[in-house]
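*Asks:* Sequence unavailable; structure follows:
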């Protein structure tokens, strides 16, 4: 169970966020650019510090005090894949898997599944510095999932990828979320992507405030603000 | 085209002093009187400068890692402190070093009591070189560590690596070329140091001091063989490290 309620003061406004999320559940953070969506994810991941409140992941208190990043058990996929350029694709994917777990048949099978489903086999031994942007996103996704974190944070993970690949990645993520049991909090400025990835519920942020929290059909039927109505309107 | 010619002329003028290696000064002197002390000075310089560089890396790398993660004001403070041994004129540094660590200073007296002589000894030579090279290495290492994207380090930590493992598996490999350049600058500065070392450690004589002694005692023909060795020791590795670092930036 993920349970958070915190405030983060930014230069322009304060981001106030609260959420309870069960295992294998997902929620999409939706809103205009600069609404504070990425700040929310950064605070949960621990790369930014909230000013007050609390963040709990199961029995693990992430904040306060701020738990060191290596103890948080949170997967964080940002817009930039941030691969380790001095390592191969294989080394990137297995980077966070402890050495003593590597020979474990379950671990071997999981890594093989990721390699297969994310189409990484042809680039498995290539240098991470010499693969395309789309390939790098897939590697980053595999690297994050290899450790099976109980909570996965996705910050516009599909920006710039072709639609077919995005559909496949979303289907894989939903399948793995249910089978592995990780929860997902995803940010995207495209409502279609979020609706597919997190069909259960959405949180709408405007200038750091949660203006609506509900199902996607609630949002469509009765958008809380004119801005949300325009964001949800077909292009 | 004119700019390129201008650049070529500039580079030639800059490199011109090296052509003096072929100057007509008569036969080079390499008899026993010159050869023995010269070879000893090569050994002194190589062994003791290597020891000094090991100390510089062992102490300077954690210091640089600490400075690299400091906030602006604290970082400025540490960097200002690192600059002082770089900016103090070498001769002045040698005199200050002798006064502080020699028999006149309380630390020097304490060290002497423990059997560590800090004037005209191998330990004085190494310590002076550490002082001379440390600032260059630390400041260069901070720049190298700064160039590693912080998000990579954060991602590595989020993947479960402790800070020390992040340093060895991500930061260090990505900063290694910059660290090599920093070390090469410290090496060149230390192995070529004359002003400070001539005060603190006239004995055992390293190459710069021996070159000075030979110049005074025998003249230019006796200096040339050791000069060639000196350049061969000081130049190629740092030059290669710099060229590789530049190449990596542009290809």
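*Replies:* Looks like it came in fine. As the structure is a computational prediction, the values presented were derived from the model and not from experiment.
*Asks:* from here on, contacts and neighbour counts on C-alpha atoms
*Replies:* Noted.
*Asks:* which phi and psi does whatever residue of chain A ends up closest to chain B have?
*Replies:* Chain B sits closest to residue A:70 of chain A, with a gap of 4.1 Å, by CA to the nearest CA. Main-chain torsions, residue A:70, degrees, to the nearest 10: phi -70, psi -10.
*Asks:* how about low-confidence regions in chain A?
*Replies:* A:235 (pLDDT under 70).
*Asks:* what's near enough to touch residue A:50?
*Replies:* Residues in contact with residue A:50 (CA atoms under 8 Å, 6 or more residues apart in numbering or on different chains) are A:6-9, A:43.
*Asks:* Now render the residues you listed as CSV, adding distance to chain B and secondary structure.
*Replies:* What follows is these, written out as CSV (distance: CA to the nearest CA, whole Å; DSSP: H, G, I helix; E, B strand; the rest coil):
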residue, distance to chain B, secondary structure
A:6, 21, strand
A:7, 22, strand
A:8, 20, strand
A:9, 19, strand
A:43, 13, helix
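*Asks:* Quick check: the two most widely separated of these?
*Replies:* A:9 and A:43 (11.2 Å; CA to CA).
*Asks:* out of the contacts of residue A:50, which are buried?
*Replies:* A:6-8, A:43 (16 or more other CA atoms under 10 Å in any protein chain shown).
*Asks:* what does chain B put close to chain A?
*Replies:* Contact residues (CA under 8 Å from any CA of the partner chain) of chain B with chain A: B:151-152, B:154-162, B:170, B:173-174.
*Asks:* Recalculate using a threshold of 7 Å.
*Replies:* For chain B, the residues in contact with chain A (CA under 7 Å from any CA of the partner chain) are B:151-152, B:157-162, B:174.
*Asks:* For ChimeraX, write the select line for the buried members of those.
*Replies:* Entered in ChimeraX, the line below selects the buried ones among these, by 16+ other CA under 10 Å:
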select /B:152,157,158,159,160,161,174
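*Asks:* Secondary structure and pLDDT for the residues of chain B next to chain A - can I get that in JSON lines?
*Replies:* JSON lines is the format used below for the residues of chain B next to chain A (DSSP: H, G, I helix; E, B strand; the rest coil; pLDDT from 0 to 100):
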{"residue": "B:151", "secondary structure": "helix", "pLDDT": "95"}
{"residue": "B:152", "secondary structure": "helix", "pLDDT": "96"}
{"residue": "B:157", "secondary structure": "helix", "pLDDT": "97"}
{"residue": "B:158", "secondary structure": "helix", "pLDDT": "97"}
{"residue": "B:159", "secondary structure": "coil", "pLDDT": "97"}
{"residue": "B:160", "secondary structure": "coil", "pLDDT": "95"}
{"residue": "B:161", "secondary structure": "coil", "pLDDT": "96"}
{"residue": "B:162", "secondary structure": "coil", "pLDDT": "96"}
{"residue": "B:174", "secondary structure": "helix", "pLDDT": "94"}
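*Asks:* Just say helix, strand or coil for residue A:203.
*Replies:* strand (DSSP: H, G, I helix; E, B strand; the rest coil).
*Asks:* give the contact list for it.
*Replies:* Residue A:203 makes contact with A:28-30, A:210, A:212-214, according to CA atoms under 7 Å, 6 or more residues apart in numbering or on different chains.
*Asks:* For the nearest residue to it once chain neighbours are set aside, give its distance to residue A:42.
*Replies:* Among residues not flanking residue A:203 along the chain, residue A:213 sits closest, at 4.4 Å (CA to CA, 6 or more residues apart in numbering or on different chains). Distance of residue A:213 to residue A:42, given as CA to CA, to the nearest Å: 20 Å.
*Asks:* so where do the helices sit in chain A?
*Replies:* Using DSSP state H, the helices assigned to chain A run over residues A:37-45, A:89-93, A:105-117, A:133-146, A:163-180, A:191-197, A:216-221, A:226-232.
*Asks:* ok, and what's touching the longest one?
*Replies:* Put plainly, it is helix A:163-180. Residues outside helix A:163-180 that contact it (CA under 7 Å, 6+ apart): A:24, A:158, A:183, A:197.
*Asks:* Just to check, residue B:241 is in contact with residue B:181?
*Replies:* Yes. If you go by CA atoms under 7 Å, residue B:241 and residue B:181 touch, sitting 5.6 Å apart.
*Asks:* Which residue does chain B have closest to chain A?
*Replies:* Across chain B, no residue is closer to chain A than residue B:160, which sits at 4.1 Å (CA to the nearest CA).
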